[in-house]
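Novice: sequence? don't have it. structure:
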């Protein structure tokens, strides 16, 4: 895909999100606060149903809004350590008894984690911005903050999870650290949906091949690749990858 194709894809996605705002009061509410639901995930996920959804890297609630609309009975537990996007998230879900926001990052070590805050806060990461990320997406760091961090089991009880559970991860290159921090709970998830990079967009990040290998060793297999983004020369940069655990109860939304 060339740069013109990339711009066309971006505008097509924006149009889809605006049209999605007409589908229900929940989408209209989020759009009124400037938060567009992540409707690009419909193809990957809408055919399933989940008892619980753990949303790591929630930002302003883009994915959580999509998840609540698509899975109206699911328990949604979201993680967002940065103050400004967390406030917007809470403004949307403050009256939702089945949505909970945890103001922490997930990793292997307990304590604090330094986050490089980007001007567009959904590009913030514990990792540094590579030249390719800066050139392609215009990402620039405006602040560094320390946030609480710990393994997923510090914030999530097994009783929070049902039979069919989804783990979604979008942490700007920190995905393998998150998975290692969630390792003792991975067998409770039937699916993992993770944004992965094929090239180094954040310095020192684990690439898609490393994450796929890690999860394959833990009985998760790739079930689909979605929302591929490309650079100016057509190089594929990143995509959302759906993993399914062997033997899991992956119940379709409609029988």
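Specialist: It's in. Not measured: the values here are computed from a predicted model. Numbers count the residues shown, from 1 in each chain.
Novice: which residues pair with residue 233 across the strands?
Specialist: residue 2 (DSSP bridges).
Novice: Against residue 143, how distant is it?
Specialist: Residue 233 sits at a distance of 32 Å from residue 143 (criterion: Cβ to Cβ, to the nearest Å). No exception for glycine: its C-beta is placed from N, CA and C like everyone else's.
Novice: close enough to count as contact, residue 197 and residue 208?
Specialist: Yes: shown here, residue 197 and residue 208 form a contact pair, counting by Cβ atoms under 8 Å, at 6.3 Å.
Novice: who's more crowded, these two?
Specialist: Using other Cβ atoms under 10 Å, the more surrounded residue of residue 197 and residue 208 is residue 197, with 23 against 20.
Novice: Between residue 233 and residue 143, tell me which one has more neighbours.
Specialist: Legend: neighbour count by other Cβ under 10 Å for residue 233 and residue 143, higher for residue 143 (12 against 8).
Novice: I'd assumed residue 117 was in contact with that one.
Specialist: Yes: here residue 143 reaches residue 117: they are 4.2 Å apart, a contact under Cβ under 8 Å.
Novice: those helices in the stretch 51-200 of the chain, which residues are they?
Specialist: Using DSSP state H, counting those that start in this stretch, the helices of the stretch 51-200 of the chain run over 62-70, 83-93, 131-137, 175-181.
Novice: pLDDT on the second one, on average?
Specialist: It stands for helix 83-93. Taken as a whole, helix 83-93 has an average pLDDT of 96.
Novice: could you check the angle helix 62-70 makes with it?
Specialist: On the basis of axes from the mean of the first three to the mean of the last three Cα atoms, to 10 degrees, helix 83-93 is oriented at 10 degrees to helix 62-70.
Novice: Now helix 83-93: buried residues?
Specialist: Buried residues in helix 83-93, counting neighbours by 16 or more other Cβ atoms under 10 Å, are found at 85-86, 88-90, 92-93.
Novice: Count the residues that sit near residue 170.
Specialist: Residue 170 has 21 neighbouring residues, counting by other Cβ under 10 Å.
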